[in-house]
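1. Based on what follows, work out the 3D shape:
(chains A and B)
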Protein chains: 2
Amino acid sequence: MKQLLLATAALLSSPALAADTAALRDAALKDDLAWEITETLTTEIGPRPAAGEAEARARDWAVKKLNALGFANVRIETFDMPAWERGAETAEIISPFPQRLVLAALGNSGATPSAGITAEVVAFDGLQALEAAPAAQVAGKIVFVNHAMAATQDGSAYGPFGQIRRKGPSVASQKGAAAIVIRSIGTDHHRNPHTGVQVWAEGVKPIPAAALTLPDADQLARIFKRGKPVTMHLTLTPRSVGTRQSGNVIAEVPGREKDAGIVLIGGHLDSWDQGTGAIDDAAGVAITTAAAKRIMDAGKPLRTIRLVWFGAEEVGLFGGNAYRDRHRTEKHAVAAESDFGADRVWRFQTNVSATSAPVVTPKLSAALNPLGIAFGGRNGDAGGSDISVMTAIGVPTLELSQDGTRYFDLHHTPDDTLDKVDPEQLRQNVAAWTAMLSVVANDATELGPIDPPAAAH
Amino acid sequence: MKQLLLATAALLSSPALAADTAALRDAALKDDLAWEITETLTTEIGPRPAAGEAEARARDWAVKKLNALGFANVRIETFDMPAWERGAETAEIISPFPQRLVLAALGNSGATPSAGITAEVVAFDGLQALEAAPAAQVAGKIVFVNHAMAATQDGSAYGPFGQIRRKGPSVASQKGAAAIVIRSIGTDHHRNPHTGVQVWAEGVKPIPAAALTLPDADQLARIFKRGKPVTMHLTLTPRSVGTRQSGNVIAEVPGREKDAGIVLIGGHLDSWDQGTGAIDDAAGVAITTAAAKRIMDAGKPLRTIRLVWFGAEEVGLFGGNAYRDRHRTEKHAVAAESDFGADRVWRFQTNVSATSAPVVTPKLSAALNPLGIAFGGRNGDAGGSDISVMTAIGVPTLELSQDGTRYFDLHHTPDDTLDKVDPEQLRQNVAAWTAMLSVVANDATELGPIDPPAAAH
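-> Residues are numbered from 1 along each chain as shown, chains lettered A, B, ... in the order given. As a prediction, this is how the structure comes out:
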């Protein structure tokens, strides 16, 4: 009730702007641009691995498209980065029950010889069990880490369960493991493995590291339950291919007041290599672009909106870091990213100063509540991966939280394809972003500095 | 109403037997044996391609298991057959939008050279369009056949749409195509291709033939909509490996009256090579075995129940044909097969004589209705693939129709794994088969000869 009263107060305080916001928001529910961008990127480019030639083609397409849409200052800001490429990847149980398993190498995985390795498998239920194991139990073996991640609407299971992928390979290597295969960090029941990045801890020797599909991990766990020694033949031949170029594509909607700061929005252009990156993250660049276009077409906003299609997010936020390094001295009023699929927005969160929160929250609630979007609180984690590096330098952030219930069914798998995007939910996203931008790009309230400053995550 | 009256009459006519049937049926709703068999076959053997070493291991396991369960006359009846093995299988669009596609060779596919072939792709919406095309439009090209199969509860879409897989490769070869890729004969939205058998028409030269996943077929169709010539690089290296041995595993519940004929039931032991054959068809052998075991344990039935775990069904009913050739002179009272997954039985159909139909239908209705199973009519197609060859020699058949709504999401894909089997629905299947067997194995009504004789299909 209190929130509704505040919202009403906000509407009364600037009725013309609130009316504009409502009109823009409701018109966006008929948006076709976000679908067009998502469809084109996934169809005409397909997979867009970081620092690869398809990502470069996607940047070139993006520049043409953003210019054609009428954005200002469209450009590519390149950066160099280490690149890694998938190779062969096969696994089979040799004993006790010979059969093939389906898996995918994790980012930065080491390689087996081309003929593969054969070793006994040792199984753990989670990262802690692996961490607690004596090296003698692991040395020379293939480590299998199982887990029980379940789907959650807010995606909160990804943080803790994702540690198995992020840290497991280094822990296994430190204990002398020959290789590691984890249960995919996912929540589906299909034979599609979930890849994802992991970075070797300082001084740790890379070993072959891969993710089994969920059904294959179930199978391996059932085989272990029989109590017999399990031997696996594993072939993974990915390789590091040295330094290559990636880049961020940037476009702007110039504002009336330079001193009011930049509203930084976007998603990431790169994708993992096995799907076409529809939900991760063609949809994100499409949603934010469609919303920015609507604000632009409605007349010059107070603040400049800067749209970034980040490069090389998947493999370590290279685009986000490059952007921060290059633009850290510019005044950023607020930042927000769309990188959690294309299902409906159900919540918004803020990471703004304690002073500005009571001012901006009711305005955003008034703009977003009609779309079924509730205020979820102030949260230092609100944002998105590429802009997380901006919070570390004090930039406030906003988050339009998408329903993630099925996100980890598809995330980082070959199954991340256009058919997983629901055009109606995509339109609701565009409407939410349009409403949010209409508020924050046209309101001079200082949202930062964030207090206390959130750590990068 | 008429049916209910008939059912009541049947119950009154043999109240003791009907009571036994009801008790056996209801006890079967707590069955664990079918799950145990399904779990063990899929876990300890895994994929069981026809005439391969895993199918042989499965036969050996089956003999041990069926003996341990107390069945009589457990044996393997071997037969020889031509075998075929999958090789490498990759495809990529070369132009206009370079990207990889996911596919799987169809059974008996020809091979490309190991380096693959590159050719223009020509697209058709269905088999008729391909059949109508002049050879000049197809010669030297890779044919793509799309379609719009939708899921149906009775699986009836598989007949007509399956013709694209069964006939399309021969039609394409006859017109001089370099290769053919079809949209998988399936109804899901995952990156798992649906393989399946096709047999080259007399005198037709084998060409490479494969099925794209549904999302990949959607992608290729979208690419074609751009109106530019499409070039594909395709590598398929399957091979025929000559004559190998397969076999049927047979077990019996001896009956009291030899002259009453055999009740032939079963499923097939082989599976396609990429999944573990859980729904196709570990569940089928498990359901029928569990039901036969329950009848056996209740006391000697009137008729002998013969349980067959058929070999080599997937690649052309080799097991069914071998059984028919070997046993055609024995009196078969009736035959039934479970080979449509593990979801609940919702209907039963009969292919019995016009004389016996009014006698047996009400008995079966009375036994099955409490499980939510309705009579679906007399139907010359009632049965299952392996026993279809028995109808051609006059053997009557019964069908317990499983809900096939999601069957073609999984059929012949890597996704046919144990997690797709719902233990509760599996139990309902066992109860249905137990009830059906209790009726037909203990009733002397002659169900044949079928009139008119149904053609093999």
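2. does residue A:347 count as helix, strand or coil?
-> strand (DSSP: H, G, I helix; E, B strand; the rest coil).
3. For it, list each beta-bridge partner.
-> Beta-bridge partners of residue A:347, counted by DSSP bridges, are residue A:374, residue A:401.
4. how about it, what does it touch?
-> Residue A:347 makes contact with A:154, A:373, A:374, A:375, A:376, A:400, A:401 under the criterion C-beta atoms under 8 Å, 6 or more residues apart in numbering or on different chains. Placement of C-beta: from N, CA and C, glycine included.
5. Redo those as TSV? Include neighbour count and pLDDT.
-> Listed next are the contacts of residue A:347 as TSV, based on neighbours: other C-beta atoms under 10 Å in any protein chain shown; pLDDT from 0 to 100:
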residue	neighbour count	pLDDT
A:154	16	95
A:373	23	98
A:374	13	98
A:375	18	98
A:376	15	97
A:400	28	98
A:401	21	98
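6. interface residues of the stretch 301-450 of chain A facing chain B?
-> A:413, A:414, A:415, A:417, A:418, A:419, A:420 (C-beta under 8 Å from any C-beta of the partner chain).
7. rerun that using 10 Å as the cut-off
-> Within the stretch 301-450 of chain A, the residues that sit near chain B (C-beta under 10 Å from any C-beta of the partner chain) are A:409, A:410, A:413, A:414, A:415, A:416, A:417, A:418, A:419, A:420.
8. Please flag which of these sit within helices.
-> Counting by DSSP state H, the part of these found in helices is A:409, A:410.
9. for chain A, which spans come out with low pLDDT?
-> A:1-14, A:451-457 (pLDDT under 70).
10. switch to 50 and redo it
-> Applying pLDDT under 50 to chain A flags residues A:1-13, A:454-457.
11. picking that back up, quickly name whichever of the contacts of residue A:347 is closest to residue B:386.
-> For the contacts of residue A:347, the minimum distance to residue B:386 (C-beta to C-beta) is 49.6 Å, reached by residue A:154.
12. residues contacting the closest one?
-> A:340, A:346, A:347, A:349, A:376, A:401, A:402, A:403, A:404, A:405 (C-beta atoms under 10 Å, 6 or more residues apart in numbering or on different chains).
13. how near is the last one to residue A:278?
-> Applying C-beta to C-beta, to the nearest Å, the value for residue A:405 to residue A:278 is 17 Å.
14. try the first one
-> When C-beta to C-beta is the yardstick, residue A:340 and residue A:278 sit 13 Å from each other.
15. How about the fifth one?
-> Remark: distance between residue A:376 and residue A:278 (C-beta to C-beta) = 26 Å.
16. Can you give me the first-to-last residue distance of stretch A:108-126?
-> End-to-end span of stretch A:108-126 (C-alpha to C-alpha, to the nearest Å): 21 Å.
17. got the buried residues for it?
-> Under the neighbour-count criterion of 16 or more other C-beta atoms under 10 Å in any protein chain shown, stretch A:108-126 has A:108-112, A:116-117, A:119, A:121-124, A:126 buried.
18. One more: stretch A:419-433?
-> Result for stretch A:419-433 [16+ other C-beta under 10 Å]: buried residues A:420, A:421, A:425, A:426, A:427, A:428, A:429, A:430, A:431, A:432, A:433.
19. Give me the subset of those residues lying in helices.
-> A:425, A:426, A:427, A:428, A:429, A:430, A:431, A:432, A:433.
20. dump the residue contacts of the first one.
-> Residues near residue A:425 by C-beta under 10 Å, 6+ apart: A:283, A:341, A:342, A:343, A:344, A:345, A:402, A:403.
21. repeat that for 8 Å
-> So, once contact is read as C-beta under 8 Å, 6+ apart, residue A:425 ends up touching A:342, A:343, A:344.
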